[in-house]
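>>> sequence below, structure please.
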Amino acid sequence: MKIYLLGAANPEAVRMIGSIGRTLPGTEFLFLDNDPLKENTVFFGIPVLGSVSLVPTLNGPQARFVNLITRDTQTRYETTRQLIKAGATLTNFIHPGIDLSMTRLGVGNYLQEGVILQADVAIGDNSSISFGSLIGHEGRIGNSVFFGPGVSVAGCVEIGDGAFIGTNATVLPRLKIGQWATVGAGAVVTRDVPDYAVVVGNPARIIKYRPAYLSDVADQDGL
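Here you go, the predicted structure:
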């Protein structure tokens, strides 16, 4: 099988390739990147073939694709849509050290080393969970969600589509983070966060709202 990774930017992805390769020998990894300066280059030993425009020529029964772009959740959503519209079949890119027993995941997810998913966690499609993050039991994570490093989400939390949870943020039990909401780095969330709200601080407080047009994006195709 060949797995094409969109976004040749983080060398940690290359280290993950090595870890996965030791558990799934015979899997070949290659990069795609929409930056024309990276076309036909090598990223830490892995070839960068070119942009998403190559997907129709690369596609086939043994080809799978994953988006590694995590600049923000809207960009991640839009670039994954580019892959799908080009005909890509998504798969997950997950560090093999993560215990996935008693969990449920969609497709297109990117989970880095040291992520802990407790029992009965469910994650949708196209979400990215950075290293050292914890999702407590019975957590529900939507589509196109991003967690920065070291996020701690307690049990029974619901996080809506497109939410962005910053580095070292903490979310207390049984709360709801709305769709396309942003939780700032280091924030401690002690109450529900509305859709599109941006919250910061300890306890987290609303400082503004993201543009409401993002509310319709996830409804188009489930990402």
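>>> tell me the phi and psi of the residue nearest the centre of the chain?
In the chain, the centroid-proximal residue (C-alpha atoms, centre = their mean) is Ser128; its distance is 1.6 Å. Dihedral angles of Ser128 (phi, psi; degrees, to the nearest 10) stand at phi -130, psi 120.
>>> do you know how far it is from Ile206?
To Ile206, Ser128 is 24 Å away according to C-beta to C-beta, to the nearest Å. From N, CA and C alone the C-beta is placed, and that goes for glycine too.
>>> ok, now Ile69?
27 Å.
>>> when the two are compared, which one has more neighbours?
Neighbour count, other C-beta atoms under 10 Å: between Ile69 and Ile206, Ile69 has more, with 20 against 13.
>>> pLDDT value on the closest residue to that one other than its chain neighbours, please?
The shortest distance from Ile69 to any non-neighbouring residue, by C-beta to C-beta, 6 or more residues apart in numbering, is to Gly7 (4.3 Å). Predicted confidence (pLDDT) for Gly7: 98.
>>> one more: Thr80?
96.
>>> what's it sitting at in phi/psi?
When quoted as degrees, to the nearest 10, the phi and psi of Thr80 stand at phi -70, psi -40.
>>> please tell me how far it sits from Leu90.
Distance, Thr80 to Leu90, by C-beta to C-beta: 8 Å.
>>> overlap of the contact sets of these two?
In terms of C-beta atoms under 8 Å, 6 or more residues apart in numbering, Thr80 and Leu90 are both contacted by the residues Gly108, Asn126.
>>> so those two - more neighbours on which side?
Neighbours were counted for Thr80 and for Leu90 using other C-beta under 10 Å; Thr80 has more, 25 against 19.
>>> any idea how far the more buried one is from His137?
Separation of Thr80 from His137 (C-beta to C-beta): 28 Å.
>>> same deal with Lys176?
Using C-beta to C-beta, Lys176 is found at 16 Å from His137.
>>> and if you look at Gly155?
4 Å.
>>> give the residues shared as contacts by the two.
Gln118.
>>> what mean pLDDT would you report for stretch 140-149?
Stretch 140-149 carries an average pLDDT of 97.
>>> please apply the same query to stretch 158-174.
Per-residue scores along stretch 158-174 average to 97.
>>> again with stretch 184-204
98.
>>> and if you look at stretch 117-125?
Taken as a whole, stretch 117-125 has an average pLDDT of 98.
>>> number the residues from 45 up from this point.
From this message on, residue numbering opens at 45, which makes the last subject stretch 161-169.
>>> follow-up on the earlier one: could you pull up phi and psi at the residue nearest to Ile113?
Torsion angles, degrees, to the nearest 10, at Gly51: phi 110, psi 90.
>>> and what of the one 10 residues further on?
For Ile61, the backbone dihedrals are phi -60, psi -40 (criterion: degrees, to the nearest 10).
>>> tell me where this protein has helices.
Taking DSSP state H, the helices of the chain run over residues 55-67, 99-102, 117-129.
>>> highest average neighbour count across these?
helix 117-129 (a mean of 19; mean count of other C-beta atoms under 10 Å).
>>> list the buried residues for stretch 229-245?
Neighbour counts over stretch 229-245 (16 or more other C-beta atoms under 10 Å) mark Gly230, Ala231, Val232, Val233, Val237, Asp239, Tyr240, Ala241, Val242, Val243, Val244 as buried.
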